[in-house]
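Q: Sequence and predicted structure below; questions after.
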Amino acid sequence: MTEQTETTESSATPASQPTDAASGIISTAQAHAPVLDDAKPDITDAGSETDLTARTFADFGVEEEICQALADKGITHPFPIQALTLPIALRGQDIIGQAKTGTGKTLGFGIPLLMDTLGPGEEGWDEDPASGSPQALVILPTRELAKQVAEELAGAAAKRTVRIVQVYGGRAYEPQIEAIERGAEIVVGTPGRIIDLMDRRVLDLTHVTTVVLDEADEMLDLGFLPDVEKILSRTRSDRHTMLFSATMPGAVVALARRYMTKPTHIRAQDPGDDSMTVKTVQQVVYRTHALNKVEVLSRILQAEGRGRTIIFARTKRTAARVAEDLAARGFATAALHGDLGQGAREQALRAFRKGKVDVLVATDVAARGIDVDDVTHVINYQCPEDEKIYVHRIGRTGRAGGSGTAITFVDWDDVSRWRLISKALGLPIEEPVETYHTSDHLYADLSIPRDVTGKLPRSKRVLAGLDAEQIEDLGETGRRGRPRDDRGGRGRGRGRGRRSGSGRASGTDTSGSGRAASAQADKPRRKRNRRRTHGGRADS
């Protein structure tokens, strides 16, 4: 497999002013994605994936502590999107990054962000006017994604004293407020809760020099772009801005035009591959009857080699019902949907990641927030609304270069919807095959033993189950049983919390800075000069 990038810069424009000139390029062969205006490619890398990732992170100038922290996790060579992003981001240039979901974008922006951030006790921190205040901000559309990205950044910063705080709805305000007041270098959160904390005068963004907008197209779909613009207006005009998105709809392009200066557009893909889906994912589509879906599903879950599996449903009620039906058939199952409290949602994700359950039934709230490399199957219990939702759902498998299987059930009245999805993505499957739990091709397509039934044999019920994972009391906002506020819980706070002065807010500070600070006293730190750059030039 090979990777390709096309990058472009436009003429300089003030970051805070709208302009008709845009920079970047999207392959014109990809008809379903808009092409950015005035695109003039000045760098084209058509090298192989081996060429792009043969070097280590250290070869790109990544500092030793971050390299060692990544090596401790078995990460030494960058993925293509990371190899393409690092040289540009480390120069402080604005970036529009576009790559298929599951290709490793987080470290692409996370490493430059960490290298431009000073933590307590590091050389230059005491003299820095930003000391104790947020120096970097990462904005994401969902709670699950915010938690995932914060944890990945914390892993890369394990040997640093950088403090990373997560802020998102569904949790009590007080622990998040206390963590920010104790000092935070990096804030990762959802737009609604970020704005709440800004309005409460808890979160000061005047010292933020790096802003990352991740999954920008999803923020557009959820109606967050006005909130994002409000947040950006509170930051420095010469900030370093990185925007990442799987697709580039017009509103996201307009956002980039208005708030970025001379952005370089990086697009990593296989030459000759204009599809939005990963080649290593087997895609199967069946026309199924609503009354037979669970029977078909229970057989698929007994396929040879089936590991962790995510089942997507359109509605919260359907997700809950399917999870209950599968649990009654002996499968270790958890549900993840908006009617669950945040504690129950996090319990389900932890149980899934730890292998206590291997089937997660979710609504699209989870489509962007689950980063588990060994998901073998994704099943669309109900046909997705459009091609974007389809891409993000099946992107939960085949991650990090792995393989997977994506299965879509299409009801009779959804056949026309599927045809539109298939046409938009250039998929060869236009007519779903009529399928029942007795259909021979079901067993042949998915390597299902012919002797399985609609229930998991007791001898194979070996997982601990959801109840084996403890549910945390998070002091949640709102009430259980009511739709949760995925916009970050705006307007549901219980007042500003008191400054604690000591201790750590549970679930907010993920950097492990207490242990790292102790290590600082044991050995001298090398001098770290924080860069204040924009457009490749150091600030004076």
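A: Looks like it came in fine. Numbers count the residues shown, from 1 in each chain.

Q: how far does stretch 114-134 stretch from start to finish?
A: Between the opening and closing residues of stretch 114-134 there is a gap of 12 Å (Cα to Cα, to the nearest Å).

Q: now the helices for the stretch 51-200 of the chain?
A: Per DSSP state H, counting those that start in this stretch, the stretch 51-200 of the chain carries helices over the ranges 64-72, 80-89, 105-115, 143-156, 173-182, 191-199.

Q: wait, I meant the stretch 401-540 of the chain
A: So, for the stretch 401-540 of the chain - with DSSP H, counting those that start in this stretch - the helices run 415-425, 440-446, 513-522.

Q: where among those helices is the average confidence lowest?
A: Comparing mean pLDDT across those, the lowest value falls on helix 513-522: a mean of 44.

Q: Nearest to residue 450, out of the helices of the stretch 51-200 of the chain?
A: Closest to residue 450 of these is helix 143-156 (Cβ to Cβ; 37.7 Å). From N, CA and C alone the C-beta is placed, and that goes for glycine too.

Q: Mind listing what's buried along the closest one?
A: If you call a residue buried by 16 or more other Cβ atoms under 10 Å, then helix 143-156 has these buried ones: 143-150, 152-156.

Q: Please apply the same query to stretch 373-381.
A: Buried residues in stretch 373-381, counted by 16+ other Cβ under 10 Å: 375, 376, 377, 378, 379, 380, 381.

Q: follow-up on the earlier one: where does confidence bottom out across the buried residues of helix 143-156?
A: residue 144 (84).

Q: Might one say that that residue is in contact with residue 348?
A: No: contact between residue 144 and residue 348 fails when scored by Cβ atoms under 8 Å: they sit 10.0 Å apart.

Q: returning to what we had before: for the buried residues of stretch 373-381, name the two members farthest from one another.
A: 376 and 381 (16.7 Å).

Q: Low-confidence bits of the chain, can you list those?
A: For the chain, the stretches flagged by pLDDT under 70 are 1-53, 100-103, 269-279, 365-370, 399-401, 475-540.

Q: Geometric centre of it: which residue is closest?
A: For the chain, residue 145 is the residue whose C-alpha lies nearest the centre (Cα atoms, centre = their mean; 4.7 Å).

Q: Now do it against residue 139, distance only.
A: For residue 145, the distance to residue 139 equals 10 Å [Cβ to Cβ, to the nearest Å].

Q: Which neighbours do these two have in common?
A: Counting by Cβ atoms under 8 Å, 6 or more residues apart in numbering, the contacts common to residue 145 and residue 139 are residue 214.

Q: show me the contacts for residue 474.
A: By Cβ under 8 Å, 6+ apart, residue 474 lies in contact with 170, 171, 172, 341, 342, 343, 346, 507.

Q: Show me the one in those residues that has more neighbours than the rest.
A: When the contacts of residue 474 are compared by neighbour count (other Cβ atoms under 10 Å), residue 171 ends up highest, at 27 neighbours.

Q: For the stretch 1-150 of the chain, just list every one of the strands.
A: 5-7, 43-45, 95-98, 136-139 (DSSP state E, counting those that start in this stretch).

Q: typo on my end, it should be the stretch 401-540 of the chain
A: Going by DSSP E, counting those that start in this stretch, the stretch 401-540 of the chain shows strands at 404-410, 433-434, 533-534, 537-538.

Q: Thank you, goodbye.
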